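Asker: have a look; sequence and predicted model below, questions after that.
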Amino acid sequence: MTARPSEPITIRTSRVQEIDALAAATDRSRNYIVNQAIEQYLEANAWQVERIREGVAAARDGRVTPADEVFDAIASRHGWTR
């Protein structure tokens, strides 16, 4: 990913002490910790939204597996009984 220029924003949080403690423990700045948290959150949620879109498209196309078949396959793979 290409680095983009940063832009200041203001947030309110009750977690400042935790952020500062993590920053101190990792020898990083508060800004670094907050930016890492935001980046990880955005990546995880973008991934999730894309999987949901794919699932909705599959369902619309009729590409679905009945839940009982899915549960049976999982149970079988792990040696569980249903």
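Answerer: On my side now, so go ahead. The structure presented is a predicted model; accordingly, all values stated were derived computationally and were not measured.
Asker: quick one: residues contacting residue 79.
Answerer: Under the criterion of CB atoms under 8 Å, 6 or more residues apart in numbering, the contact list for residue 79 is empty. No exception for glycine: its C-beta is placed from N, CA and C like everyone else's.
Asker: tell me how far it lies from residue 47.
Answerer: Remark: distance between residue 79 and residue 47 (CB to CB, to the nearest Å) = 30 Å.
Asker: and what of residue 17?
Answerer: Per CB to CB, residue 17 is found 30 Å from residue 47.
Asker: so where's the protein uncertain?
Answerer: Regions of the chain meeting the criterion pLDDT under 70 cover residues 1.
Asker: for it, what's the longest helix?
Answerer: What stands out as the longest helix in the chain, according to DSSP state H, is helix 30-60.
Asker: how far does that one sit from its chain's centre?
Answerer: Remark: helix 30-60 is offset 5 Å from the chain centroid, using CA atoms, centre = their mean, to the nearest Å.
Asker: that helix: what's the following helix or strand?
Answerer: Tracing the chain C-terminally past helix 30-60 and defining elements by DSSP states H and E, one meets helix 67-78 next.
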